[in-house]
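Sequence and predicted model, in that order:
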Amino acid sequence: MSTPVSQGLAPGAMLGILGGGQLARMLALAAADLGIRAHVFAPEADSPAFDVAARHTVGEYEDEAALARFADAVDVVTYEFENVPAATAAFLAARTQLHPGARALAVTQDRLSEKTFVSGLGLAVAPFRPVDSLVDLETAVAALGRPSILKTRRFGYDGKGQVKIAPGSDLAEAYEAIGHFPAILEGFVPFSREVSVVAARGADGAYAAFDVCENEHRDHILAFTRVPARLTPGATRTAIEAAHRIGDALGYIGVFAVEMFVIGDGESVIVNEIAPRVHNSGHWTSEGAETSQFHQHVRAVCGFPLGSAARRGRVEMENLIGDAALRWRQLLAEPGAHLHLYGKRDVRAGRKMGHVTRVVPEKN
Ligand code: AMP
């Protein structure tokens, strides 16, 4: 039996990671820095994380025999994506240690439970109503008005599984567009910007938040993150404190991100969603903070002390999406640009191929 994470693992331990994309790859690299070996479990044989992991398993998340072998070969399991099937999480949690835990997954996999949980903590969220039928949708639109946004409760990401209800929209068509899945209707938030708090909670309950960062999306995909975010000191405190409350209430261990909408010129924030994992909006920390989000996550899930989340300057992270990664030679030649490529063999439109960070030291 492995040492419980609460007592702290030791270098040499084996970290299991579910999912084999770029987040798993960067987690495995960070783990290696700390003397931790990574065993990546993913269904795709060409997973980018396999290239840098000590061990890997190609397997389906429903394959209990493969999961059992994986669980027995690692000291703790973490994951790079929030849609880990509940049965997989329960199976692994029963056989080994899973961090973040099954509760974090259950709450964040479902927009209704997530919004209910966050508002239950007294934090500001968009007004919302559950929608399980066309009649529910009509009632919800009557209550929340137009524009509003209809979102599937589960499996939505990067703007998928959602449709805007505009003044002229036909409600039956909108419900059809999301496939009649269980959904929620959210009141439209007239936000000026989007920000996120990427933070960590350690096995001992310690909390360390990176500075609030500002996110610019193009075609529903994160394009740029800039730090610090343009927020008033009061809104900055509210944002950091909101993530702290969320982490504590979930009994969370690991790094998580809380995406928020900014109202006005940075006077207040509204929580949109929680990602129970390292997050694209935290990539700036690799060079822009004393401890990267990947090292921080490995520290947390191994029961190590958290590192400093202090920022090293003004930071910009640019995602390299599709063809943008073909600029790699030019980016390598740019002084101060830190290039990260994910080793994905096929360039496809909309595919995250890499990112680049730029840090400009601030004068004291
Ligand atoms: P989500 O999948 O919840 O992250 O939403 C994707 C994007 O849709 C967000 O980044 C926002 O740009 C927009 N969006 C989501 N919910 C709302 C809302 N309640 N009001 C206005 N815009 C929203």
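Looks like it came in fine.

With adjacent residues omitted, what lies nearest to the residue of the stretch 1-150 of the chain found nearest the ligand?
Closest residue of the stretch 1-150 of the chain to the ligand, C-beta to the nearest ligand atom: Ala126 (4.0 Å). For every residue, glycine as well, the C-beta is placed using N, CA and C. Excluding its sequence neighbours, the residue lying closest to Ala126 (C-beta to C-beta, 6 or more residues apart in numbering) is Glu186, at 4.4 Å.

Now do the strands in the stretch 101-250 of the chain.
128-131, 148-152, 162-165, 183-187, 193-201, 207-209, 213-218, 221-227 (DSSP state E, counting those that start in this stretch).

What is the first one packed up against?
Secondary structure elements in contact with strand 128-131, counted by 3 or more C-beta pairs under 8 Å, 6 or more residues apart in numbering; DSSP states H and E, are helix 111-120, helix 134-144, strand 183-187.

repeat that for 10 Å
helix 111-120, helix 134-144, strand 148-152, helix 171-177, strand 183-187 (3 or more C-beta pairs under 10 Å, 6 or more residues apart in numbering; DSSP states H and E).

next one: the longest one
Strand 193-201 sits against strand 207-209, strand 213-218, strand 221-227, helix 233-250, strand 254-263, strand 268-275, helix 293-301, with contacts defined as 3+ C-beta pairs under 10 Å, 6+ apart.

Can you tell me which of these is packed in deepest?
Ranked by mean neighbour count, these are led by helix 293-301 with a mean of 28 (mean count of other C-beta atoms under 10 Å).

Centroid-wise, who is the farthest residue in this protein?
Distance from the C-alpha centroid of the chain, by C-alpha atoms, centre = their mean, peaks at Gly168 (34.0 Å).

so that one sits right up against Ala174, yeah?
No: in this structure, Gly168 is not within contact of Ala174 by C-beta atoms under 10 Å, at 11.2 Å.

What parts of the stretch 151-300 of the chain come near the ligand?
156, 159, 186, 188-189, 194, 217, 259, 272-273 (C-beta under 6 Å from any ligand atom).

Now with 8 Å, please.
151, 156-162, 186-191, 194, 215, 217, 220, 259, 261, 272-273 (C-beta under 8 Å from any ligand atom).

Of those residues, grab the buried ones for ChimeraX.
Command for ChimeraX that selects the buried part of these, burial taken from 16 or more other C-beta atoms under 10 Å:
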select :151,156,161,162,186,187,188,189,191,194,215,259,261,272,273
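
Excluding chain neighbours, what is closest to Arg55?
Per C-beta to C-beta, 6+ apart, closest to Arg55 is His39, 4.2 Å.

could you dump whichever strand or helix holds that neighbour to PDB, C-alpha only?
For His39, the element it lies in under DSSP states H and E is strand 37-42. Taking Å, rounded to 0.1, in the frame of the first residue of the first chain, the C-alpha atoms of strand 37-42 are listed here in PDB:
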ATOM      1  CA  ARG A  37       8.000   9.300 -12.300                       C
ATOM      2  CA  ALA A  38       4.900   9.500 -14.300                       C
ATOM      3  CA  HIS A  39       2.700   6.700 -15.600                       C
ATOM      4  CA  VAL A  40       0.200   8.100 -18.200                       C
ATOM      5  CA  PHE A  41      -3.100   6.300 -18.900                       C
ATOM      6  CA  ALA A  42      -4.900   7.300 -22.100                       C
END
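
for that strand, packing partners?
strand 14-18, helix 22-33, strand 55-58, helix 64-73, strand 76-79.

okay, those, which one's buried deepest?
By mean count of other C-beta under 10 Å, these have strand 76-79 as the most buried, with a mean of 27.

related to what we said a few turns ago, pretty sure the residue nearest to Arg55 is touching Gly20, no?
No: counting by C-beta under 10 Å, His39 does not reach Gly20; the two are 11.0 Å apart.
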